[in-house]
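Asker: whatever this is, show me its structure:
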Amino acid sequence: MRILIVSDIHANLVAFETVLRNAGDFDRIWCLGDIVGYGPEPNTCVEKLRAFDPICVAGNHDWAVLDKLDLEEFNPDARRAAIWTRDQLDVQNLDWLHSLPEQLPTQAERFTLTHGSPRYPIWEYVLTPAVARINFDFFDTHVCLIGHTHVPVLYRYHPDDHSATAETLPEDIPVTLESDRMMINPGSVGQPRDGDARAAFAILDLDEMMLTHHRVEYNIVATQLKMAEAKLPARLITRLSYGW
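Answerer: Got it, this is the predicted structure:
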């Protein structure tokens, strides 16, 4: 069974469609949240994702448009984009976002899916091995898949000294999942923040228990023009060119 893992689409339809075209054959999509926010095509992104009957969890920007988070917690650009997104979304898409859980075990409880972290599924950023180490105590599965930071990374747990280390998630090189417990972030489809503007995703081969991280170039200018037409914040438009 082949799983397409995506996270942080952020209403960037051009990037999402490019990922779908380049992912090859897959049996299911697992989505780690933040389908909307920032980008110019929230309805179409939600509808396209829903068409695949995905296994999906909620992200902080999904909650923001639902009034489940205080928008004062967001920076001004993110807040403005969330309000704009809320006004655009159809009722059925809002209802679907409302239905998303904060966290899910899946595949015979071998994997946990969450947006931020197992400890605080919506908000916490896992950016260091120290934070990852704490979070290994908050899930029981072999692997936890996370998003939120928009940065691809693999955190590995070492039971001998109860520590965690961070590794760069290699591009196009399969990672074996049968040994150590791990937390893995596949990066962002719609708004990368690791200095690489290409859309990020991962393919999980459940039969071989191998995960492969991929990057793909997409038409950034097309998304930027749509954002400008929607009068979304200039900083959000510019950052797509630089992957930050």
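Asker: pLDDT weak spots in this protein?
Answerer: Low-confidence segments of the chain (pLDDT under 70): 106-108.
Asker: show me where it has strands.
Answerer: Taking DSSP state E, the strands of the chain run over residues 2-6, 28-31, 55-56, 103-106, 111-114, 143-145, 153-158, 163-167, 175-176, 182-185, 199-205, 210-216.
Asker: dump those strands to CSV, plus distance to residue 224 and mean neighbour count.
Answerer: The C-beta positions use only the backbone N, C-alpha and C, and glycine is treated the same way. Compiled in CSV, the strands of the chain are given as follows (distance: least, CB to CB, whole Å; neighbours: other CB atoms under 10 Å):
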stretch, distance to residue 224, mean neighbour count
strand 2-6, 21, 24
strand 28-31, 24, 22
strand 55-56, 26, 22
strand 103-106, 33, 17
strand 111-114, 30, 26
strand 143-145, 29, 24
strand 153-158, 27, 20
strand 163-167, 32, 16
strand 175-176, 33, 14
strand 182-185, 25, 25
strand 199-205, 14, 24
strand 210-216, 17, 19
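Asker: make JSON lines out of those and add distance to residue 69.
Answerer: Converted to JSON lines, those look like this (distance: least, CB to CB, whole Å):
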{"stretch": "strand 2-6", "distance to residue 69": "22"}
{"stretch": "strand 28-31", "distance to residue 69": "19"}
{"stretch": "strand 55-56", "distance to residue 69": "18"}
{"stretch": "strand 103-106", "distance to residue 69": "16"}
{"stretch": "strand 111-114", "distance to residue 69": "16"}
{"stretch": "strand 143-145", "distance to residue 69": "22"}
{"stretch": "strand 153-158", "distance to residue 69": "25"}
{"stretch": "strand 163-167", "distance to residue 69": "28"}
{"stretch": "strand 175-176", "distance to residue 69": "33"}
{"stretch": "strand 182-185", "distance to residue 69": "21"}
{"stretch": "strand 199-205", "distance to residue 69": "25"}
{"stretch": "strand 210-216", "distance to residue 69": "29"}
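Asker: and of those, who's closest to residue 226?
Answerer: For the strands of the chain, proximity to residue 226 was assessed by CB to CB; strand 199-205 is nearest, at 15.6 Å.
Asker: got the angle between the closest one and strand 210-216?
Answerer: On the basis of axes from the mean of the first three to the mean of the last three CA atoms, to 10 degrees, strand 199-205 is oriented at 160 degrees to strand 210-216.
Asker: with only the CA atoms kept, save strand 199-205 in PDB.
Answerer: What follows is strand 199-205, C-alpha atoms only, in PDB (Å, rounded to 0.1, in the frame of the first residue of the first chain):
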ATOM      1  CA  ALA A 199       6.800  21.900  -2.700                       C
ATOM      2  CA  ALA A 200       7.500  19.100  -0.300                       C
ATOM      3  CA  PHE A 201       5.800  15.700   0.200                       C
ATOM      4  CA  ALA A 202       6.500  12.100   1.200                       C
ATOM      5  CA  ILE A 203       5.600   8.700  -0.100                       C
ATOM      6  CA  LEU A 204       5.100   5.900   2.500                       C
ATOM      7  CA  ASP A 205       5.400   2.300   1.300                       C
END
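Asker: show me what that strand is packed up against.
Answerer: Here strand 199-205 touches strand 2-6, helix 13-22, strand 210-216, going by 3 or more CB pairs under 8 Å, 6 or more residues apart in numbering; DSSP states H and E.
Asker: the ones you listed into CSV, with extra columns for distance to residue 200?
Answerer: Listed next are the helices and strands packed on strand 199-205 as CSV, based on distance: least, CB to CB, whole Å:
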stretch, distance to residue 200
strand 2-6, 9
helix 13-22, 8
strand 210-216, 6
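Asker: nearest to residue 70, of those?
Answerer: Nearest to residue 70, of all the helices and strands packed on strand 199-205, is strand 2-6, at 27.1 Å by CB to CB.
Asker: partner strands of the closest one, parallel or antiparallel?
Answerer: Strand pairing for strand 2-6, using DSSP bridges, gives strand 28-31 (parallel), strand 199-205 (antiparallel).
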